[in-house]
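*Asks:* Quick one, what's the 3D model for this:
(one chain, ligands or ions: 2)
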Amino acid sequence: MANAEQTNGKPSLVLGLETSCDETAAAVVLREPGGTGRILSNIVRTQWEQHRPYGGVVPEIAARAHVECLDLMVRDAMREADAGFGDLDAVAATAGPGLIGGLIVGVITGKAIALARDLPFIAVHHLEAHALTVGLTEGVQPPYLLLLVSGGHTQLLIVHGVGAYERLGTTIDDALGEAFDKTAKLLGLGFPGGPAVEKAARRGNAQRFELPRPMVGREEPHFSFAGLKTAVRRTAEKLSPLSEQDVCDIAASFEAAVTESVADRCARAMDVTVARLGRLAPLRFVVAGGVAANARLRASLLTLAELRGFSFHVPPVSLCGDNAAMIAWAGAERLALGLTDPLDAPVRPRWPLDANAAPAIGAGVKA
Ligand code: KG4
Ligand code: ZN
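*Replies:* Ligands and ions are numbered 1, 2, ... in the order given. The predicted model follows:
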């Protein structure tokens with residue numbers, strides 16, 4: 001790590017704001033100088049009702065919805081934490097990646113509070129916040145292998161430290177959450193898709209349909225879900241009209257296929273991690289992001305980790321999806337290292353975690 005801790009032995013209180021997609025969130029987190037954290041408040045408001053008629057997130061609607069409620073949510077988060085603005089040590093807001101309108105709302109609000117109270121401002125990388133959440137929930141410290149699975153990203157990275165990420169693999173087409181969302185739409189299961197597919201899959205027969213296991217056996221730990229999506233569509237079209245049981249069986253077969261594919265890619269990344277960190281390094285495997293809430297995926301990756309001698313860490317389901325506690329925590333971790341940002345820090349709708357990663361071979365990489 002390039003920077004040493006600079007907390008002067010004092011705890012720090014950080015307000016976090018999250019507005020990168022379709023959740024508006026505000027939270028207050030306390031970080032002790034030893035590196036442990038405590039959530040004092042964590043308020044999340046989803047916009048699903050506003051986006052549901054369109055079957056997906058509409059950027060303009062999202063930005064307007066953030067504007068309407070963010071200031072009141074800040075007030076409520078501060079109240080619940082029993083803190084005044086004068087008690088804060090910093091303000092952190094998601095600056096990217098994400099939808100530009102929403103990012104601007106959160107960042108401007110955060111900067112305004114920081115300016116008015118003469119507080120440090122921290123422009124947080126949304127994926128870094130997912131990546132570091134296990135530090136808040138379990139005290140897990142880098143280095144560790146991270147599987148990051150969200151609506152917009154699917155990556156395997158070695159987390160060497162705060163701000164130090166080495167990408168091992170990424171998707172060459174759709175993100176895993178996106179694949180869940182598209183499958184849900186195709187099966188008429190509604191929005192957001194991941195939890196709906198999971199619910200249907202619980203009542204389904206995962207062996208009924210033989211769907212492809214994308215990328216299994218490939219050397220580099222990359223992902224691909226576009227071909228599977230086509231296979232799901234063809235299966236559904238052949239059976240149309242679908243009975244309720246057909247829908248559940250397709251959902252279960254899809255979930256089994258992605259889980260096997262992801263587990264295979266993670267196994268490959270574990271080999272790479274052992275080679276990179278050396279056999280004497282502690283072997284830890286962390287899963288984060290919205291799709292980490294999926295029970296089948298969690299169970300399968302826990303088994304894999306045990307088999308390979310990795311300890312397994314995943315945030316509680318309530319902190320897998322987007323929230324501001326993770327933003328406040330990432331801000332607190334950066335503050336402890338003296339990594340603050342100027343008030344003219346830009347929003348970054350596209351912002352790779354590992355800027356040095358070579359592009360994966362294939363089209364349309366979402367880095
Ligand atoms: O991290 P996140 O909340 O937002 C982004 O940063 O993208 O991830 C949202 C994604 C969505 O695609 C959603 O369908 C998926 O996570 N998701 C799930 C589950 N819960 C949320 N996917 C599968 N199973 C779930 N239980
Ligand atoms: Zn996210």
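*Asks:* contacts, neighbours, all on C-alpha from now
*Replies:* OK.
*Asks:* how about the one helix or strand residue 71 maps to: buried residues?
*Replies:* Using DSSP states H and E, residue 71 sits within helix 59-80. By 16 or more other C-alpha atoms under 10 Å, the buried positions in helix 59-80 come out as 59, 62, 63, 65, 66, 67, 70, 73, 74, 76, 77, 78.
*Asks:* Name the strands paired with the helix or strand just after that helix and say parallel or antiparallel.
*Replies:* Next along the chain after helix 59-80, taking DSSP H and E as the criterion, comes strand 90-96. Strands that pair with strand 90-96, judged by DSSP bridges, come out as strand 12-18 (parallel), strand 121-125 (parallel).
*Asks:* and the last one, what's its mean pLDDT?
*Replies:* Per-residue pLDDT values across strand 121-125 average out to 98.
*Asks:* What segments of the stretch 251-367 of the chain are helices?
*Replies:* Along the stretch 251-367 of the chain, the stretches classed as helices by DSSP state H, counting those that start in this stretch are 295-308, 325-336.
*Asks:* before we move on, what about the stretch 51-200 of the chain?
*Replies:* 59-80, 100-117, 126-138, 176-186, 193-202.
*Asks:* Distance to residue 24 for those helices - can I get that in JSON lines?
*Replies:* What follows is the helices of the stretch 51-200 of the chain, written out as JSON lines (distance: least, C-alpha to C-alpha, whole Å):
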{"stretch": "helix 59-80", "distance to residue 24": "6"}
{"stretch": "helix 100-117", "distance to residue 24": "9"}
{"stretch": "helix 126-138", "distance to residue 24": "13"}
{"stretch": "helix 176-186", "distance to residue 24": "19"}
{"stretch": "helix 193-202", "distance to residue 24": "19"}
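*Asks:* And these: which comes nearest residue 341?
*Replies:* helix 100-117 (10.0 Å; C-alpha to C-alpha).
*Asks:* and that closest one, what does it pack onto?
*Replies:* Using 3 or more C-alpha pairs under 8 Å, 6 or more residues apart in numbering; DSSP states H and E, the elements in contact with helix 100-117 are strand 12-18, helix 59-80, strand 90-96, strand 121-125.
*Asks:* Tell me how far the residue nearest the centre of the chain lies from residue 318.
*Replies:* The chain has residue 289 as the residue nearest its centroid, 2.6 Å off, counting by C-alpha atoms, centre = their mean. Distance of residue 289 to residue 318, computed by C-alpha to C-alpha, to the nearest Å: 11 Å.
*Asks:* which one of the helices of the stretch 251-367 of the chain is the most hemmed in?
*Replies:* helix 325-336 (a mean of 30; mean count of other C-alpha atoms under 10 Å).
*Asks:* can you list contacts of that helix?
*Replies:* 5-7, 12-18, 26-31, 35, 37, 39, 41-42, 90-94, 122-124, 126, 128-130, 132-133, 136, 162, 319, 340 (C-alpha atoms under 8 Å, 6 or more residues apart in numbering).
*Asks:* now do stretch 339-354
*Replies:* Stretch 339-354 is contacted by residues 95-100, 103-104, 107, 111, 115, 120-123, 125, 127-128, 163-167, 334, 367 when judged by C-alpha under 8 Å, 6+ apart.
*Asks:* mean confidence score for that stretch?
*Replies:* For stretch 339-354, the mean pLDDT works out to 97.
*Asks:* so how far does that stretch reach from one end to the other?
*Replies:* Rule used - C-alpha to C-alpha; the end-to-end distance of stretch 339-354 is 17 Å.
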